[in-house]
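Visitor: Generate coordinates for the sequence data below:
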Amino acid sequence: MGSIVAGVLSLQGAFEEHVNKLKECGISAVEVRFPEQLEKIDGLIIPGGESTTINKLLEKYKFKDNLDKFNRKHKPIFGTCAGLILLAKNIEGEDKGLGYIDIEVRRNAYGRQADSFEEPLDLSLDRGENGGKFESVFIRAPKIISAGKGVAILARYNEDMVLARENNVMVCAFHPELTDDLRIHKYFINMMKNYKGEN
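Guide: Numbering: from 1, shown residues only. Next comes the predicted model:
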């Protein structure tokens with residue numbers, strides 16, 4: 001697995017936690033701050049944080065064209081919380097997101113910071129990685145309110161879709177980087193390995 005290099009968008013938000021989780025999984029992880037770095041990585045995580053701030057920084061550093069090219073190559077992309085909002089096709093009551101996954105999302109659907117909570121969820125991952133409950137941490141979490149036919153739902157909270165994937169793009173409403181459970185990060189690493197033909 002040493003040849004896989006994952007990138008974590010490190011303009012704002014909880015990027016260090018993702019970098020640490022990837023390293024715990026035994027792969028190289030780099031902090032991505034400039035668009036040209038996208039050419040040198042096999043997959044990208046867009047972390048939680050302030051989605052409006054991250055979007056402004058993406059514009060400031062001219063990431064859009066490079067991100068579009070990255071997505072067109074079907075390189076794996078994983079967005080958590082704010083990253084989910086940025087990757088969505090539609091953001092309720094606002095402009096469109098990057099449009100890399102066919103979902104509509106609602107910001108802060110579960111309340112403010114003070115309403116943060118933890119919830120054990122059943123995962124529907126492949127490769128027999130399901131196992132026991134995944135302790136998920138929701139912090140000012142967005143909600144997926146609709147999804148296109150091509151979107152696979154990998155976890156739900158009550159009836160809400162909170163972990164989803166379409167082709168090379170996976171999104172998560174909660175924060176897997178804040179738990180000791182590596183299953184979701186390992187699933188993303190498998191997406192990168194499959195992209196590189198190493199499985």
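Visitor: For the residue most central in space within the chain, name its beta-bridge partners.
Guide: Nearest residue to the geometric centre of the chain (CA atoms, centre = their mean): residue 79, 1.9 Å. Taking DSSP bridges, one obtains residue 46, residue 171 as the residues bridged to residue 79.
Visitor: what sits against it?
Guide: 45-46, 85-87, 169-172 (CB atoms under 8 Å, 6 or more residues apart in numbering). Using the backbone N, CA and C atoms, a C-beta is placed for each residue, glycine as well.
Visitor: Longest helix in this structure, please.
Guide: Longest helix of the chain, by residue count under DSSP state H: helix 183-196.
Visitor: give me the low-pLDDT residue ranges for the protein?
Guide: Within the chain, the segments meeting pLDDT under 70 span 1-2, 113-114, 126-131, 199.
Visitor: the strands in this structure, which residues?
Guide: Remark: strands assigned in the chain by DSSP state E are 5-9, 28-32, 43-46, 77-80, 88-91, 101-106, 117-121, 134-138, 143-147, 152-157, 160-166, 169-172.
Visitor: ok, back up a step: from the contacts of residue 79, which single one is nearest residue 54?
Guide: Nearest to residue 54, judged by CB to CB, of the contacts of residue 79 is residue 86 at 6.3 Å.
Visitor: That closest one and residue 98 touch, don't they?
Guide: Yes - in this structure, residue 86 is within contact of residue 98 by CB atoms under 8 Å, at 5.8 Å.
Visitor: Need the residues that contact the longest helix of the chain.
Guide: Taking CB under 8 Å, 6+ apart as the rule, helix 183-196 contacts 1, 3-4, 6, 18, 21-22, 24-25, 27, 42-43, 45, 74-76, 78, 123, 125-127, 129, 131, 134, 163, 168, 170, 172, 176-177, 199.
Visitor: Narrow the residues you listed to those that are buried.
Guide: Among the contacts of helix 183-196, those buried by neighbour count (16 or more other CB atoms under 10 Å) are 4, 6, 18, 21-22, 25, 27, 42-43, 45, 75-76, 78, 123, 125, 134, 163, 168, 170, 172, 176-177.
Visitor: what's the nearest residue to residue 192 once chain neighbours are set aside in contact with, if anything?
Guide: Once flanking residues are discounted, residue 192 sits nearest to residue 43: 4.1 Å by CB to CB, 6 or more residues apart in numbering. Counting by CB under 8 Å, 6+ apart, residue 43 makes contact with 4, 6-7, 75-78, 188-189, 191-192, 195.
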